[in-house]
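J.: For reference, the sequence and a predicted model appear below.
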Amino acid sequence: MKLNYKRTILVGFAFFLICTFWQAYDTIIPKILTDKFGMTQTLSGIIMALDNILALFLLPLFGGLSDKCKSKLGRRKPYVLIGTLIAVVAFFALSMVDYAQLNKNIRNVTEINTLTPEEVYDLVADKPLVMEDGTTYVLRDKYTKEEFVKIPAKIAVKNEDGSIRKYDKDDPFKRGGEHVYENNPEFIEYCLPAYHAANPSAVRASQEIYRFNQNQTGEKSGNWFVANILKGGRDPQTPDGVSFKLAAVYETEETFLTELPQIVIDKGEGVEFNKNGTVKLTTNPDYMEFVVPARQAYVWNITIANPGILIAFIAVLLVVLIGMSIFRSPAVALMPDVTIKPLRSKANAIINLMGSAGGVCALVLGLGIFFNTGAIKNTFMNYIGFFGAIIIIMLIALVVFMVTVKEPEWSGEMEEKSRELGIDEVDDTEAMSGDKKLSKGEKISLLLILASVVLWYMGYNAVTSKYSIYASRVLDKDYNLTLIIAQAAAIISYLPIGLLSSKLGRKKAILIGVVILTVTFLIAGFMRAETPGFLMYIMFSLAGIGWATINVNSFPMVVELSRGGNVGKYTGYYYAASMAAQAITPFLSGMFMDRLGFTSLFPYATVAAGLAFFTMFFVKHGDAKPIMKKGLEALDVDD
């Protein structure tokens, strides 16, 4: 009795295209909502929960409908075909609506000055520049290029004993423990005019943002819906959730214009250099702390004043989500349709490996090699090319799936093999009707498994759906690379986990995975921008392994309790539970991040994942049952 790996891989192409889509969706849609529509984390969390709310009803529905489908293509393939085609067409339309918001509503604030010092010097070295007092000068007469690029924009403030000063713990903006930096007067006087001259459009964008925020009265309705939905002009919030008046932080427009997104910083030991000899640029903490929230408040005001594009975006988004909901349960149910029960953990490892491969494809496309979606300079990028690339990958996977998977033939062979091995104790009619009821113990185990699914998805999805923003605002790291490392660790571990689970048992393997996931989230919660990058990469590698251990075994435990005729229905139960969690958690995690700050993300995920250990601990059913051996096979001894 061996798993047919080739067939399982071919079946997995449906899950490959599903995960390619969701990886792109989870990383890009939150950025569009916050950056281009100006939403708060709470409000964007509500929009991000739409797919999960729809899935609560649609996944069990289409899973059950596919159980009864009698198409010549099979029970599941028609849904995969129709759903994918609807989704890709609507997904491309979504990128066009995003472009409309970019081009029509917020065009005047989309320019961000991310020029390097070398680029600035090359552009304006010989042009007359004007200092704040009106004096003109030529940059090349003042500095050589080598001298100019080494001038830091900010310098660490030192105490009398020579140590680097840090913000007090009671700092109103919750920056306690972070280093204090001040503007370098030389940079402000001679370098900043060069940056402004090199990119005047970015200067005009910053002026628009400052003038808008300066004119806000701060008068708010006591009603959250009115204040956040019906009215623009909200106060901006720091990444730690503290509201502020921009004019109180920057008394004049000129001081606000000193903030550039990426700058050279002297952290107390001189300017740092990259390995290739170029000066090292650092994300400006004050830019992320104050400028980005002020810009988002401005963008939200424009969105509320011109809501048509936002309404269109949400409407098209709903069509995309309905298309994906049509075939998710049928696509996943196909694996147990063609795989006998004892081999489903191994088969699910292959399916998840294919899914992770799809996720990695989406992340690699987002890296600097291709689209560089995580870069500050691409905050307002046009996503048509990126969405188009994702669609092409999905369509290629669909063609491979539709051409190579012989669903009716493979399902028939699985049923015959199951009868030969005596795996199902019900007769054919009862199995195909799905009428056999679960025992009381099986019902309790099913409910506990589904409760566990809700809890660990609440933790994991909170991180994946918010990490693209968290990484840039708290860690100053490329979110694509971190998520790729997690996916790569999962891919490497899927097959060993599948083999281990067949020996150790599904429940024990899941409990181990939950412990790994919880501990890594707990440790990651203490990491900040100054934490060495390799530590975060280690944590996400472990999180990927923990998540893989859970995923390989949880779905097979649910369908282990099903019968041949209702695999799609039980698949719907599983995904309804996961989607219920993902409907709740973007809103809850977003609310915590708005109220308590961005750093509440990982503590939230830790608690949710930790609670899943206790619900899973009491599960009694769902592990693979031993195969009944017949005749001479009963005398064989397993290797």
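T.: Alright, I've got the coordinates. For clarity, every value in this text was computed on a predicted model and none was experimentally measured. Residues are numbered from 1 along each chain as shown.
J.: which other residues reach the helix or strand encompassing Tyr604?
T.: Assigned by DSSP states H and E, Tyr604 belongs to helix 601-617. Identification of contacts with helix 601-617 by CB atoms under 8 Å, 6 or more residues apart in numbering yields 448-449, 451-452, 455-456, 458-460, 462-463, 466-467, 470, 507, 510-511, 514-515, 517-518, 521-522, 524-525, 585, 588-589, 592-593. In this view, the C-beta of every residue, glycine as well, is placed from N, C-alpha and C.
J.: next one: stretch 142-150
T.: With CB under 8 Å, 6+ apart as the test, stretch 142-150 has contacts from 116-118, 120-122, 125, 139, 151, 190-191, 194, 264, 271, 278-279.
J.: what's the distance between Gly505 and Val619?
T.: Distance of Gly505 to Val619, given as CB to CB, to the nearest Å: 11 Å.
J.: out of these two, which sits in the busier spot?
T.: Between Gly505 and Val619, Val619 has the larger neighbour count (other CB atoms under 10 Å), namely 21 against 16.
J.: my guess is the more buried one meets Ala451, correct?
T.: No. Checked against CB atoms under 8 Å, the pair Val619 and Ala451 is beyond contact range at 9.6 Å.
J.: Any idea how many residues pack against the closest residue to Asp286 other than its chain neighbours?
T.: Spatial nearest neighbour of Asp286, excluding adjacent residues (CB to CB, 6 or more residues apart in numbering): Glu259 at 5.5 Å. As a burial measure, Glu259 scores 23 neighbours (other CB under 10 Å).
J.: Quick check: which helices or strands does the strand or helix carrying Ala489 pack against?
T.: In the assignment (DSSP H and E), Ala489 maps to helix 479-504. Packing partners of helix 479-504 (3 or more CB pairs under 8 Å, 6 or more residues apart in numbering; DSSP states H and E): helix 5-31, helix 344-366, helix 440-470, helix 506-524, helix 533-559.
J.: ranking those helices by mean pLDDT, which is last?
T.: Least confidently modelled of these is helix 344-366, at a mean of 82 by mean pLDDT.
J.: Check which element follows that helix along the chain.
T.: Following helix 344-366 toward the C-terminus (DSSP H and E): helix 384-404.
J.: Look at Ile82 and give its secondary structure.
T.: With DSSP: H, G, I helix; E, B strand; the rest coil as the basis, Ile82 sits in helix.
J.: contacting residues for it?
T.: Counted by CB under 8 Å, 6+ apart, Ile82 has contacts 326-327.
J.: Show me which pair in the contacts of stretch 142-150 is furthest apart.
T.: The distance between the two most remote of the contacts of stretch 142-150 (CB to CB) is 20.6 Å, for Tyr190 and Thr278.
J.: Who has more neighbours out of the two?
T.: Between Tyr190 and Thr278, counted using other CB under 10 Å, Tyr190 has the larger neighbour count: 17 against 12.
J.: got a pLDDT number for that one?
T.: With respect to pLDDT, Tyr190 has a value of 93.
J.: Excluding sequence neighbours, find me the nearest residue to it.
T.: Tyr190 sits nearest to Lys142 (CB to CB, 6+ apart), 5.9 Å away.
J.: likewise Leu17?
T.: Residue nearest to Leu17 in three dimensions, not counting chain neighbours: Ala397, with 3.9 Å by CB to CB, 6+ apart.
J.: could you measure that neighbour against Val364, distance?
T.: 15 Å.
J.: more neighbours, those two?
T.: Taking other CB under 10 Å, Ala397 and Val364 do not tie; Ala397 has more neighbours (24 against 14).
J.: mind listing what that one touches?
T.: Residues near Ala397 by CB under 8 Å, 6+ apart: 13-14, 16-17, 20, 358.
J.: can you check Ile491 too?
T.: Ile491 sits next to 353, 356-357, 360 when contact means CB under 8 Å, 6+ apart.
J.: would you turn those into a markdown table with neighbour count and distance to Leu65?
T.: Shown next, in a markdown table, are these (neighbours: other CB atoms under 10 Å; distance: CB to CB, whole Å):
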| residue | neighbour count | distance to Leu65 |
| --- | --- | --- |
| Leu353 | 25 | 28 |
| Ser356 | 27 | 28 |
| Ala357 | 21 | 29 |
| Val360 | 20 | 32 |
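J.: just curious, which of those residues is nearest to Val88?
T.: Nearest to Val88 among those: Ala357, at 18.8 Å, using CB to CB.
J.: ok, the closest residue to that closest one other than its chain neighbours - contacts?
T.: Nearest residue to Ala357, sequence neighbours excluded (CB to CB, 6+ apart): Phe16, at 6.1 Å. Contacts for Phe16 (CB under 8 Å, 6+ apart) come out as 354-355, 357-358, 397.
J.: how much space between the residue nearest to Asp286 and Ile209?
T.: Going from Glu259 to Ile209 by CB to CB gives 11 Å.
J.: Quick check: neighbours shared by these two?
T.: Counting by CB under 8 Å, 6+ apart, the residues touching both Glu259 and Ile209 are Val291.
J.: where does Ile302 land in three-state SS?
T.: Secondary structure for Ile302, judged by three-state DSSP, is helix.
J.: ok, Arg295 to Gly459 distance?
T.: Arg295 is 31 Å from Gly459, by CB to CB.
J.: Thr282 now?
T.: Counting by CB to CB - Thr282 and Gly459 are separated by 31 Å.
J.: In a markdown table, list the helices and strands packed on helix 479-504 along with distance to Ala198.
T.: Below are these laid out as a markdown table (distance: least, CB to CB, whole Å):
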| stretch | distance to Ala198 |
| --- | --- |
| helix 5-31 | 26 |
| helix 344-366 | 28 |
| helix 440-470 | 28 |
| helix 506-524 | 38 |
| helix 533-559 | 30 |
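J.: Among those, which comes closest to Glu178?
T.: Closest to Glu178 of the helices and strands packed on helix 479-504 is helix 440-470 (CB to CB; 16.4 Å).
J.: Retrieve the pLDDT associated with the residue nearest to Leu10 when sequence neighbours are not counted.
T.: Spatial nearest neighbour of Leu10, excluding adjacent residues (CB to CB, 6+ apart): Thr404 at 4.6 Å. On pLDDT, Thr404 comes in at 96.
J.: correct me, but Thr404 touches Thr8?
T.: No. The pair Thr404 / Thr8 is not scored as a contact, 11.9 Å apart, by CB under 8 Å.
J.: From the neighbour counts alone, determine which of the two ranks first.
T.: Neighbour comparison, Thr404 and Thr8: the larger count goes to Thr8, with 21 against 13 (by other CB under 10 Å).
J.: show me the contacts for that one.
T.: Under the criterion of CB under 8 Å, 6+ apart, the contact list for Thr8 reads 335, 339, 347, 350-351.
J.: Ile393 too?
T.: By CB under 8 Å, 6+ apart, the residues touching Ile393 are 17, 20, 358, 361-362.
J.: make it 10 Å
T.: Residues counted as contacts of Ile393 (CB atoms under 10 Å, 6 or more residues apart in numbering) are 16-17, 20-21, 24, 358, 361-362, 365.
J.: Tell me how far stretch 607-627 lies from the chain's centre.
T.: 26 Å (CA atoms, centre = their mean, to the nearest Å).
J.: actually stretch 111-129, sorry about that
T.: Taking CA atoms, centre = their mean, one finds stretch 111-129 lying 34 Å from the centre of the chain it belongs to.
J.: What residues sit buried inside it?
T.: For stretch 111-129, a neighbour-count test (16 or more other CB atoms under 10 Å) marks 111-115, 117, 120-121, 123-125, 129 as buried.
J.: Of those, which is the nearest to Ala305?
T.: Glu111 (20.6 Å).
J.: tell me the SS of that closest one?
T.: Under three-state DSSP, Glu111 falls in the coil class.
J.: pLDDT weak spots in the stretch 151-300 of the chain?
T.: Applying pLDDT under 70 to the stretch 151-300 of the chain picks out residues 169-170, 172-177, 216-234, 240-241.
J.: hang on, the earlier thing: kindly export the helix holding Tyr604 (C-alpha atoms) in CSV.
T.: Once non-C-alpha atoms are left out, helix 601-617 reads as follows in CSV (Å, rounded to 0.1, in the frame of the first residue of the first chain):
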residue,chain,number,x,y,z
LEU,A,601,0.0,41.7,16.9
PHE,A,602,2.2,38.8,18.0
PRO,A,603,0.8,38.7,21.6
TYR,A,604,-2.6,38.3,20.1
ALA,A,605,-1.5,35.5,17.9
THR,A,606,0.3,33.8,20.8
VAL,A,607,-2.8,33.7,22.9
ALA,A,608,-5.0,32.3,20.1
ALA,A,609,-2.5,29.6,19.1
GLY,A,610,-1.9,28.6,22.7
LEU,A,611,-5.6,28.1,23.4
ALA,A,612,-5.8,25.7,20.4
PHE,A,613,-3.5,23.3,22.4
PHE,A,614,-6.1,22.8,25.1
THR,A,615,-9.0,22.1,22.7
MET,A,616,-6.9,19.7,20.6
PHE,A,617,-5.7,17.9,23.7
